[in-house]
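1. sequence and predicted structure, then a few things I'm wondering about:
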Amino acid sequence: MSLNHGWELRSLEMPAEVGDGAVPRWEASASSDMAPSNVAGALTSFVGRSDDLAALDHAIRGGARLVTVVGPGGSGKTRLVVEYLGRHREELSMRRPGGMWMAELTEARSVDGICAVVAPTLGIPLAKSKTSREQVELIERALVARDPTLLVLDNFEQVLEHAEATVGRWHRGAAGALLIVTSRSPLGLDGETVIPIDSLSLPDVGGSPDSSDAVRLFVDRARAARHGYEPTRSDLVSIAAIVRRLDGMPLAIELAASRMRVLGAAQIEQHLSRRFELLCSSGEADPRQATLRGAIDWSWQLLGPAERSALSQCSVFRGGFDLDAAQNVLDLSDHHGAPWILDVLQSLVERSLVRTYEPAGMPGMLRYRLYESVRDYAAERLDETGRTSHAEE
């Protein structure tokens, strides 16, 4: 079974080459009331996220011009944005006649790389002789010159250090542009509105096992994998346990459901102890979406040495922990400058790898928790460092 985001980008023909520095302008087709766009319709059903869709809509209607949808890898950030664009296509076409464009930035690593994706998405030819600054300025002038435009910058987390030089510049200079960004971390820019998304709703322990979005998503994708599938009551109990152990993360749930072609729900539940082998798909080209390990690998690669060390050591906590426990257990003395534990924890929270929550009966206090899949991954990394015994003391 091939997994996908539930959306696709339409290929666009570049306009004819224009004079150096000129700004081409897209126009909507005279035969259509819809603004031009390279975002095709969804390929899969959309489950849940009504509150997140409402939050995104509220921000945009409230006048936000830079909105960043932030969440862990595999939480469905891109799918949420595409769903929003689809549901509001007609209204957005009237308010954004310059079009709705999505630029996929997974391969970008620099300002030049960002511009190399954004420019052709908007139909802007870039001369190779231009400097990075000139390329950013050309895109800014194009956004200013055309009708109000919506631009989605998808998967920005690996180029955060270039956010000010690109997104910040376009946000300040092109008042008519609406910029929507998906990222595992906020951009940290002035005027940015952050929409955090997390797990799908989970079934209550002891409650009806089919009363949650996470279970609904599993069943929907299981039906796609196995024609005619209808879950039994016993299946629903197993599915509820599966989605809880997967923290309600859409990618992990979809990967698990794809195994319904060859396994029953109870068997999948039994094999979750080998989740990184179980949760994979051979049909997805992007390794970040093809396997659960690939999704977490991507986040791990973006961490600095101290952050990696802290995250791996956090895996010894079974359940939540507080700052005092972290300071007593985590040892970052091998790292230059011995960063403060609180600063490192905050970085991991902002990178959507550690969660915060307010425990019952302790108002004003925050504790920390790792997603179960992240904890298992981090435990593997801790074993590699040989520091397991120290962290567990």
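-> It's in.
2. where are the low-confidence patches of this structure?
-> Applying pLDDT under 70 to the chain picks out residues 1-32, 282-289, 385-393.
3. would you map out the domains in it?
-> 50-196, 213-295, 303-391 (automatic domain parsing).
4. make JSON lines out of those and add distance to residue 207.
-> Every C-beta, even on glycine, is put in place using the N, C-alpha and C of the backbone. As requested, these are exported to JSON lines (distance: least, Cβ to Cβ, whole Å):
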{"stretch": "domain 50-196", "distance to residue 207": "19"}
{"stretch": "domain 213-295", "distance to residue 207": "9"}
{"stretch": "domain 303-391", "distance to residue 207": "18"}
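5. now distance to residue 42 and mean neighbour count too, for those domains, in a markdown table please.
-> Formatted as a markdown table, the domains of the chain follow (distance: least, Cβ to Cβ, whole Å; neighbours: other Cβ atoms under 10 Å):
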| stretch | distance to residue 42 | mean neighbour count |
| --- | --- | --- |
| domain 50-196 | 6 | 19 |
| domain 213-295 | 13 | 19 |
| domain 303-391 | 24 | 16 |
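6. distance check, the residue lying closest to residue 107 once chain neighbours are set aside against residue 119.
-> Spatially, and ignoring its direct neighbours in sequence, residue 107 is nearest to residue 113 (6.9 Å; Cβ to Cβ, 6 or more residues apart in numbering). Plainly put, residue 113 is 11 Å away from residue 119 if you go by Cβ to Cβ, to the nearest Å.
7. same question for residue 374.
-> For residue 374, the distance to residue 119 equals 36 Å [Cβ to Cβ].
8. in which helix or strand does residue 151 reside?
-> Counting by DSSP states H and E, the element that carries residue 151 is strand 150-154.
9. listing partners with orientation, what would you give for that strand?
-> Applying DSSP bridges to the sheet, strand 150-154 is found paired with strand 100-104 (parallel), strand 178-183 (parallel).
10. redo the ones you listed as TSV? Include distance to residue 322.
-> As requested, the strands paired with strand 150-154 are exported to TSV (distance: least, Cβ to Cβ, whole Å):
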stretch	distance to residue 322
strand 100-104	39
strand 178-183	28
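11. out of the ones you listed, which is closest to residue 384?
-> Across the strands paired with strand 150-154, the minimum distance to residue 384, taken as Cβ to Cβ, is reached by strand 178-183, at 27.5 Å.
12. ranges for the strands of the stretch 151-300 of the chain?
-> 178-183, 193-196 (DSSP state E, counting those that start in this stretch).
13. output the strand holding residue 151 as CSV, nothing but the C-alphas.
-> Extracted in CSV, the C-alpha atoms of strand 150-154 (Å, rounded to 0.1, in the frame of the first residue of the first chain):
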residue,chain,number,x,y,z
LEU,A,150,-1.4,32.9,-0.8
LEU,A,151,2.0,31.0,-0.6
VAL,A,152,2.5,27.8,1.5
LEU,A,153,6.0,27.0,2.4
ASP,A,154,6.0,23.3,3.3
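14. who touches it?
-> 39, 78, 81, 85, 92, 96, 98-106, 114, 118, 121-122, 143, 167, 170, 177-182 (Cβ atoms under 8 Å, 6 or more residues apart in numbering).
15. hmm, back to that, let's have the strands of the stretch 151-300 of the chain in TSV, adding distance to residue 263.
-> Formatted as TSV, the strands of the stretch 151-300 of the chain follow (distance: least, Cβ to Cβ, whole Å):
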stretch	distance to residue 263
strand 178-183	32
strand 193-196	33
